[in-house]
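J.: Any chance you can model this:
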Amino acid sequence: MKEIGQILKSEREKKSLSYEQVYEEIKIQKKYLVAIEEGDESAFVARVYYMSFMKAYAKYLGLDFEEIYKDYEIRKIKNEELKKAAQKNTQDSHKNSVFRRYIEQIKEKKALILCIIIVILLILVVYLYTNSNRTIIVQEDEVIETYDSQSSPKTPTPPQSLPQTVTIPKVETVSESLARSTAAASLPQASKPVAPAQQLPDNIRKDIDIDAVAASRNAEKQILNITVNNADQVWISVEADGKKIYSDGVTLSRGQSLSWEASNSFRVIIGYARGVKVTFNGIEVDVLKNAKQDVSVINLRKS
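T.: The predicted model follows:
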């Protein structure tokens, strides 16, 4: 709302009006005028109170508050859409950068696996080539038989034992080497940590209500009457049987009086409790009890 406040401030300065002059005309205190111009809604007890004062201020300056507020809402929506688009572009850019890093990691792993496979193949080729030129030689001794005319023939000398068969170690196949190197190169993915759930701050404002019970127990209709006594203007919001009578409340002038009817109950918010008189079914209600900054919230129900 700060943009609307700046528009009102610029118009006031353009007309060379002081806060005191504005107060004399519409009876809005200086602290509330400053809060409206600075967009400080926290200075008001209720939002409807803030909106009502701002509307009265704009009307006094000769400005169309509804048109100004409509333009403000349109700019607000556009700004939110631009922010969402910027956030989406940032997220998409982050996702793309993560995806590119992931692809680069995969390429690096593939390159490493390919190098390992090439080295294994070279070792295998060298090993096979070396073993293909190895010759196993088995030498047999000649058996020579000699005879002597005077003696029996000699027993032939048995041949020397043949050399034992050479055992060639088992060579690892290419598919086995690939499986082993792939298993060694694969790395487990780390699990992402789970972010702790955020807790909302406990800063909800609670109104102080005043319960007033009518003496008439058998009345079919509940009648609420509010009269402005010693104030120039008083803002009032009324709910009858849980339904709002005015969407943004109503402003009453000095001496003005309004009455409403309900079946069971009323809920009333009064901007300046000291300036009004409230009766419920003909009984006067103490609206100053437990009021905050002259603002009173009262609940009136059938006894």
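J.: same for the helix ranked longest in the chain, what does it pack against?
T.: If you go by DSSP state H, the chain has its longest helix at helix 65-132. With contacts defined as 3 or more C-beta pairs under 8 Å, 6 or more residues apart in numbering; DSSP states H and E, the packing partners of helix 65-132 are helix 2-14, helix 47-60, helix 174-185. The way it works is simple: take the backbone N, C-alpha and C, and place the C-beta from them, glycine included.
J.: which parts of the first one are buried?
T.: Within helix 2-14, the residues that qualify as buried by neighbour count (16 or more other C-beta atoms under 10 Å) are 4-5, 7-9, 11-12.
J.: can you check the second one too?
T.: Buried residues in helix 47-60, counted by 16+ other C-beta under 10 Å: 48-58, 60.
J.: give me the number of residues near residue 19?
T.: For residue 19, the count of nearby residues is 16 (other C-beta atoms under 10 Å).
J.: wait, isn't it in contact with residue 33?
T.: Yes - assessed by C-beta atoms under 8 Å, residue 19 is found in contact with residue 33 at 5.3 Å.
J.: Run through the protein and note the low-pLDDT ranges.
T.: 133-219 (pLDDT under 70).
J.: and it, what are its domains?
T.: Per automatic domain parsing, the structural domains of the chain span 2-63, 209-301.
J.: could I get the ones you listed as TSV with distance to residue 93?
T.: Listed next are the domains of the chain as TSV, based on distance: least, C-beta to C-beta, whole Å:
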stretch	distance to residue 93
domain 2-63	31
domain 209-301	44
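J.: residues near residue 105, how many?
T.: Around residue 105 there are 11 residues (other C-beta under 10 Å).
J.: before we move on, what about the one 10 residues further on?
T.: One way to gauge burial is a neighbour count; for residue 115, by other C-beta under 10 Å, it gives 11.
J.: No more questions from me, cheers.
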